[in-house]
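Curious how this folds, go ahead:
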Amino acid sequence: MVSAAKKVQPSVVHSPLLHHPWFAGSDEGMTLHRYFDDQFVQRFVQEAMSNRLTATRAQGWYNGDRFGRKDLPTLRLPMHQTFYTVCCEVSCDAASAAGKPAFDPQRISSAGFVIRRRGASGAVQRWMVNEGQALGWQSGAIPSQEPDDYRRFLNHKLVQPQYPEPGYSGEESYPLHPLLIRSKQPNNNDSRSRTLLWGYLPLGGSYRANNNSSNNSSNNTNQAPAEATNALRQELIWPFGERNLHSWIKQDNRPAFRGHATTALYELLELLLIRYRIFEQDADNGELRRQLAEIHFYPQLLANPPTPLDPYAVPPVATRGQNLLSWIETSRDALLEWLSNIAIAKTTLASSPLPSSTLNSNGSVASTSLRNDDLFITEQQAQRLRDTLLLRGGRAMVVMEEGLAMPRFGQGDDDTFFVVPFVRWQDECGCEQIHWGQQGSIDFRVVSPFDPEAQRPRAVILPGLNDIKRGAAKGVTLVVPKSIAELLRKIKPDMKMEQGGPGNPTGLCWNFSLSIPVVTICAFVLLMIVMNLLNLIFRWLPWAFLALPRLCGKLLSENK
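Okay, here's the model as predicted:
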């Protein structure tokens, strides 16, 4: 008779303990290790196996890499050709004469770590994810539980297993890998087994701000913050904004007088056409378009009576002309050119009347003339238009930020980070348990992508003259539609760059291919032109450009 399997006694099964590695101080928790090449995995494992790992504070970069704010070490990004690994030790909670023995890697189901943010006040935030989509940093109580919501519910038998598994929800975590090694004791040559947990520290990530602006147009989340609202009020001059605010006077009734626009109307047209593209049927422009359709042009009033008429008097309704929205839609191209000429000081408001275009039945411009009438607006219309523009500006700001990817690691006062490990293991009942490290890593900051102190040199080898001469156009290919190809092929490729080319007689699209060596040289020439322009204005060349002689290596000597 076969005896039943002997049940493992609870006293025999020990729990794991996560703590600092034996080569680091007790105040470090997880250690950080920096590498300058993409072979950091092999290098870390080799250093661990040969007992060459050191504490974070004993590494040169701990004090050397402090960019911007100097209070904490600053970690570079992968774009700076810099990579970091984190490391901690996992031991059994059973004490022995030699210390805590190594925890058996075979009993580890999985392990990982999380990156948390510590504010200036000491409050800690977690990076939360819902169905694979990042929600960003969130405050609140931090429970010592399984970070994966689905895994936690499954372990507690609150949900049934799902195949495939749902998207990840919970605090975002990254894997740690067990590594069993032999290490020497600090005071003698004896060695013992130790279990390290190590992993790659990612320093990227972003989240998209969600203001629910698309769910309810009347929701308060569509409103910009108070400071932004105040700025929007001051963006336009009175009567379309509150800059130069004053009591209503009759001259305010005429934003355009005798065909010439005031500064207020110029700013309004620039906002409507360039930012909001009011001529498009956008749902966000609906109320704004309706109000613009109620504002009309009126012809000049002739002074036939003995007493001259007030030029700013309210015009008779019977003389009402084209409304403002219709004029913008029909004269869009002429208006954009008018705005551009004034912006570059090619003309002035006083010398350039408003243009007015008429369209053919197919929508093309038939003719363009200059206006000589008045645009009339009442005080009530101006008030409603100011309120609508304020709402439209807030809406545009919210919609823009709603889809904007916000970086995970900022450089503000509150942007300090640390790493906390955890390990999953099977208890005596075969149930999965989780144990969190009681101490995280040292606090650190993350550098800005364009911080000049954090940059590392990159070599871009320019092509030799032989490469340019023999290189066929097999590099970048531009797919050009028929309309642009017609214009490009009309250009005669000589020093004068004048028309005289064959054009596009076939009426087909074209592929224009460029040689990579030529593109590289052109980029270098353009870079030098821009740098010299900056040097003329700011005298930046001594800081931005450094020329050092060097010996030609094999690669360079072959490209003479």
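
Now do stretch 78-87, average pLDDT.
Mean pLDDT, computed over stretch 78-87, is 94.

ok, and what's touching that stretch?
The contact list for stretch 78-87 (C-beta atoms under 8 Å, 6 or more residues apart in numbering) reads 21, 30-38, 40-41, 44, 48, 53, 75-76, 113, 176, 196-201, 203-204, 419, 421, 441, 447, 449, 454-456, 458. No exception for glycine: its C-beta is placed from N, CA and C like everyone else's.

hmm, which of those residues are the buried ones?
Among these, those buried by neighbour count (16 or more other C-beta atoms under 10 Å) are 21, 30-35, 40, 44, 48, 53, 75-76, 113, 176, 196-201, 203, 419, 421, 441, 447, 454.

Which members of those residues occur in strands, if any?
31-35, 75, 113, 176, 196-200, 419, 421 (DSSP state E).

centroid residue for this protein?
The residue lying closest to the centre of the chain (C-alpha atoms, centre = their mean) is A405, at 4.5 Å.

what about it, distance to S139?
21 Å (C-beta to C-beta, to the nearest Å).

now swap in A473 and tell me
56 Å.

How about E171?
Counting by C-beta to C-beta, the gap from E171 to S139 is 13 Å.

which of those two has more neighbours?
Each of E171 and S139 has its neighbours counted (other C-beta atoms under 10 Å); E171 has more, 21 against 11.

Bridged to the more buried one, which residues?
On the basis of DSSP bridges, E171 is bridged to M128.

Next, the contact list for it, please.
E171 makes contacts with V114, R126, W127, M128, V129, P147, as judged by C-beta under 8 Å, 6+ apart.

run the last query once more with 10 Å
Taking C-beta atoms under 10 Å, 6 or more residues apart in numbering, we find E171 in contact with 114-116, 126-129, 138, 142-143, 145-149, 420.

ditto for L385
Counting by C-beta under 10 Å, 6+ apart, L385 has contacts L236, P239, F240, G241, L268, L288, Q291, L292, E294, I295, L324, I377.

could those go into CSV alongside distance to E432, neighbour count and pLDDT?
Listed next are those as CSV, based on distance: C-beta to C-beta, whole Å; neighbours: other C-beta atoms under 10 Å; pLDDT from 0 to 100:
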residue, distance to E432, neighbour count, pLDDT
L236, 62, 24, 92
P239, 69, 27, 94
F240, 64, 22, 94
G241, 62, 21, 91
L268, 64, 22, 95
L288, 58, 19, 94
Q291, 63, 17, 95
L292, 64, 22, 95
E294, 68, 14, 94
I295, 69, 18, 95
L324, 68, 25, 95
I377, 71, 21, 94
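
Under the pLDDT cut-off, which ranges of the stretch 401-550 of the chain? List them.
401-403, 469-472, 493-498, 500, 502, 504, 548, 550 (pLDDT under 70).

what are the ranges of the strands in it?
405-407, 416-426, 432-436, 445-446, 477-480, 491-492, 498-499, 510-513 (DSSP state E, counting those that start in this stretch).

Make a markdown table out of those strands and add distance to L180.
As requested, the strands of the stretch 401-550 of the chain are exported to a markdown table (distance: least, C-beta to C-beta, whole Å):
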| stretch | distance to L180 |
| --- | --- |
| strand 405-407 | 37 |
| strand 416-426 | 14 |
| strand 432-436 | 18 |
| strand 445-446 | 32 |
| strand 477-480 | 53 |
| strand 491-492 | 69 |
| strand 498-499 | 75 |
| strand 510-513 | 55 |
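
Of those strands, give the one that comes closest to P355.
strand 498-499 (27.9 Å; C-beta to C-beta).

can you give me the end-to-end distance of stretch 36-56?
Start-to-end span of stretch 36-56 (C-alpha to C-alpha, to the nearest Å) is 16 Å.

Quick one: mean pLDDT for that stretch?
93.

Kindly report the same for stretch 194-208.
For stretch 194-208, mean pLDDT is 90.

what's the answer for stretch 114-129, then?
Per-residue scores along stretch 114-129 average to 92.

chain center to that stretch, what's the gap?
20 Å (C-alpha atoms, centre = their mean, to the nearest Å).

Kindly report the same for stretch 277-287.
Distance of stretch 277-287 from the chain centroid (C-alpha atoms, centre = their mean) equals 27 Å.

Just the CA atoms of that stretch, as PDB, please.
These are the backbone C-alpha positions of stretch 277-287, laid out as PDB (Å, rounded to 0.1, in the frame of the first residue of the first chain):
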ATOM      1  CA  ARG A 277     -10.700  77.900 -38.600                       C
ATOM      2  CA  ILE A 278     -14.200  79.300 -38.300                       C
ATOM      3  CA  PHE A 279     -14.900  78.700 -42.000                       C
ATOM      4  CA  GLU A 280     -15.000  74.900 -41.200                       C
ATOM      5  CA  GLN A 281     -18.200  73.100 -40.100                       C
ATOM      6  CA  ASP A 282     -16.700  72.200 -36.700                       C
ATOM      7  CA  ALA A 283     -19.200  71.300 -33.900                       C
ATOM      8  CA  ASP A 284     -17.200  73.400 -31.400                       C
ATOM      9  CA  ASN A 285     -17.600  76.400 -33.700                       C
ATOM     10  CA  GLY A 286     -21.400  76.100 -33.900                       C
ATOM     11  CA  GLU A 287     -22.400  78.800 -31.400                       C
END
